[in-house]
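[1] here is the input, now give the coordinates:
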Amino acid sequence: MTAQLARHDRPAARRATVIPRPRITRAAVLLAIGIGAVSVLALWWNDTNFVTGLDGWLTNAGRITGLECGYGIVVLLALMSRMPLLEREVGTDRLVRWHAIGGRYIVCLVVAHTALITWGYALTAHRSIFGETADLNTQYADVLMATVALGLLLLVGFTSARAARRRLAYETWHYVHLYTYLAVALSFSHQFSTGADFVDLRARVLWSALYIAVALLIIRYRIVEPLLSMRRHQFRVAEVRAESPDTISLYITGRNLAELRAESGQFFRWRFLTRDLWWVASPYSLSAPARPDHLRITVQNAGTHSAQLAQLRPGTRVLAEGPYGSFTGAQRSRDRVLLIAGGVGITPIRALFESLPGRPGDITLVYRASSPVDIILKHEIDEIAAWRGARVHYLVGPRRKGPSDFLSARSISQSLGDIRNWDVYLCGPQSMTSAVRESLRQLRVPARHIHHESFVF
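    All right, here's what the predicted structure looks like:
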């Protein structure tokens with residue numbers, strides 16, 4: 001198997017072509033979400049006559065924030081449903097950012113809803129807020145369930161905060177996030193039990209249809225499709241190959257792999273079916289163009305899960321979800337292309353470096369690494385560069401600040417000249433991608449020509 005895979009790893013004799021597909025704009029998705037948020041207000045308006053007194057205003061403000069929270073959390077789940085249209089056209093990393101930003105709003109809305117409703121009820125009953133809170137949670141089972149849901153959402157929000165997230169392993173963060181589904185179930189019951197806006201049967205039907213539709217999306221694309229794909233393609237680990245002291249490549253074989261239509265720059269969510277690894281699906285990009293008989297990913301040791309991958313045995317069954325992501329040649333609109341990679345961000349860049357169409361001199365790769373040992377897949381990169389007449393720049397050394405930084409605007413301009421009419425593909429740690437995007441802005445590279453993917457969860 002090793003010799004066979006090694007032959008397939010050589011640069012393909014033909015340049016890959018981009019698979020055409022319909023486009024939707026990110027602005028259209030955001031517009032649809034905004035229209036939905038405004039439409040939700042109709043539920044409140046339909047059941048509201050006159051609002052009088054401070055207690056009335058507080059209670060109705062609580063109703064509005066509760067409705068928007070119920071709608072918003074469904075939107076967040078839909079963004080993470082792994083629906084191929086969103087994953088391909090919007091881009092997974094952008095969906096993750098939208099999800100993270102929306103999550104902060106949801107936490108604020110649910111806290112505001114709880115405080116406003118309790119305060120309004122307390123004023124109406126001429127009681128203290130603490131006494132009203134105690135009565136609501138002891139006399140109404142659905143309110144107690146909503147309080148538990150509030151606690152779960154606060155827990156998820158806390159673990160998603162940037163300061164906390166940096167200290168958490170991906171596996172821990174993933175496990176805590178599963179509690180979101182329990183919080184949604186508890187809050188849904190609460191909305192129908194006490195929500196004045198759902199007395200009308202039509203409102204109940206429409207609200208239920210929204211939740212059911214998103215639930216079906218999640219079931220289909222996160223459960224059913226991966227299981228069908230596993231049955232159809234019979235993914236298995238064929239080989240584990242060391243690339244550096246802390247980096248390995250996994251070769252995954254299977255049947256009918258061409259049907260996946262996987263493109264360079266895309267990734268799969270991989271679930272390795274061993275006793276210790278089956279429960280978490282981790283996203284890893286293809287580190288080489290998809291071959292008819294195997295796929296390859298390259299993984300750096302960044303935690304317990306990734307470290308265990310080095311111990312996988314050939315024949316291990318794999319459940320793969322994907323392909324996902326819009327970081328592909330379909331975004332390209334210029335002849336000249338600059339590929340910039342940092343650290344393990346080289347994995348999708350290396351695949352693009354081989355497969356992006358171009359004449360000699362059209363493709364340039366810049367690879368940033370802290371030390372020579374951190375450069376992975378170098379022999380393949382050099383072979384591809386020689387084969388297709390592309391340029392490669394290895395920038396090795398500790399990060400510098402200011403104009404002397406390897407990827408500052410001045411350094412890029414001195415090395416490459418005027419790149420305003422180039423497409424730029426950028427992948428690496430978030431700090432690096434943010435700094436390079438600023439450099440590109442200073443070089444007056446249009447934002448629509450900068451395609452980036454960051455490793456954030």
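[2] okay, now the unreliable bits of the stretch 1-150 of the chain?
    Scanning the stretch 1-150 of the chain for pLDDT under 70 picks out the ranges 1-24.
[3] so which residues of it form helices?
    Remark: helices assigned in the stretch 1-150 of the chain by DSSP state H, counting those that start in this stretch are 2-8, 26-46, 53-79, 84-89, 92-125, 129-139, 141-160.
[4] rebuild these as TSV, extending it with mean neighbour count and distance to Arg437.
    (Each C-beta comes from the backbone N, C-alpha and C, glycine too.) Shown next, in TSV, are the helices of the stretch 1-150 of the chain (neighbours: other CB atoms under 10 Å; distance: least, CB to CB, whole Å):
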stretch	mean neighbour count	distance to Arg437
helix 2-8	12	35
helix 26-46	13	17
helix 53-79	20	23
helix 84-89	18	21
helix 92-125	18	13
helix 129-139	14	46
helix 141-160	18	23
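[5] count of residues packed around the closest residue to Pro348 other than its chain neighbours?
    Using CB to CB, 6 or more residues apart in numbering and skipping residues adjacent in sequence, the residue nearest Pro348 is Ser285, 4.0 Å away. Using other CB atoms under 10 Å, Ser285 has 29 other residues around it.
[6] which neighbours does the stretch of helix or strand Ser285 belongs to have in its sheet, and in what orientation?
    Ser285 belongs to strand 282-285 when assigned by DSSP states H and E. Partners of strand 282-285 in the sheet, by DSSP bridges, are strand 267-272 (antiparallel).
[7] what residue ranges in the stretch 351-457 of the chain score low on pLDDT?
    401-404, 454-457.
[8] which residues of it fall in helices?
    378-388, 409-416, 430-442.
[9] so which of those comes closest to Ala149?
    helix 430-442 (30.7 Å; CB to CB).
[10] starting at the chain centroid, how far to that closest one?
    How far helix 430-442 lies from its chain's middle: 20 Å, per CA atoms, centre = their mean, to the nearest Å.
[11] need the contact partners of that helix.
    340, 342-343, 345, 368, 405, 407-409, 412, 419, 424, 426-428, 447, 450, 452, 454-456 (CB atoms under 8 Å, 6 or more residues apart in numbering).
[12] show me those residues that map onto strands.
    Mapping the contacts of helix 430-442 onto strands (DSSP state E) picks out 340, 342, 368, 424, 426-428, 450, 452, 454.
[13] same list (these) but as a markdown table, adding neighbour count and distance to Arg441.
    Compiled in a markdown table, these are given as follows (neighbours: other CB atoms under 10 Å; distance: CB to CB, whole Å):
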| residue | neighbour count | distance to Arg441 |
| --- | --- | --- |
| Ile340 | 28 | 14 |
| Gly342 | 27 | 18 |
| Arg368 | 25 | 18 |
| Val424 | 24 | 11 |
| Leu426 | 24 | 12 |
| Cys427 | 28 | 18 |
| Gly428 | 25 | 17 |
| Ile450 | 20 | 8 |
| His452 | 21 | 12 |
| Ser454 | 18 | 16 |
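[14] widest-spaced pair of those?
    Arg368 and Ile450 (16.2 Å).
[15] which residue is the nearest non-sequential neighbour of Arg104?
    Using CB to CB, 6+ apart, the nearest residue to Arg104 is Gly157, at 7.2 Å.
[16] show me what contacts that neighbour?
    Contacts of Gly157 (CB under 8 Å, 6+ apart): 103-104, 106-107.
[17] what's the closest of those to Ala161?
    Using CB to CB, these come closest to Ala161 at Arg104, 8.8 Å.
[18] ok, now how distant is that closest one from Ile35?
    Distance, Arg104 to Ile35, by CB to CB, to the nearest Å: 21 Å.
[19] picking that back up, could you measure from the residue nearest to Arg104 over to Gly102?
    11 Å.
[20] likewise Glu68?
    Glu68 is 11 Å from Gly102, by CB to CB.
[21] same deal with Ser439?
    For Ser439, the distance to Gly102 - CB to CB - is 29 Å.
[22] could you do Thr59 as well?
    Counting by CB to CB, the gap from Thr59 to Gly102 is 25 Å.
[23] Val344 now?
    28 Å.
[24] same check on Leu76?
    5 Å.
[25] over to Ser431?
    Between Ser431 and Gly102 the computed distance is 23 Å (CB to CB).
[26] just Pro226 next, same as before
    The value you get for Pro226 to Gly102, if CB to CB is used, is 25 Å.
[27] got it, and Gln300?
    30 Å.
[28] what is the end-to-end distance of stretch 229-245?
    Distance across stretch 229-245, first residue to last, is 33 Å (CA to CA, to the nearest Å).
[29] quick check, distance from that stretch to the centre of its chain.
    22 Å.
[30] same question for that stretch: list its buried residues.
    Buried residues in stretch 229-245, counted by 16 or more other CB atoms under 10 Å: 229-230, 233, 235-241, 243-244.
[31] so the residue nearest to Arg332 when sequence neighbours are not counted bridges to which residues?
    Of all residues not flanking Arg332 in the chain, Asp423 sits nearest, at 5.0 Å (CB to CB, 6+ apart). Applying DSSP bridges to Asp423 gives these bridge partners: Val337.
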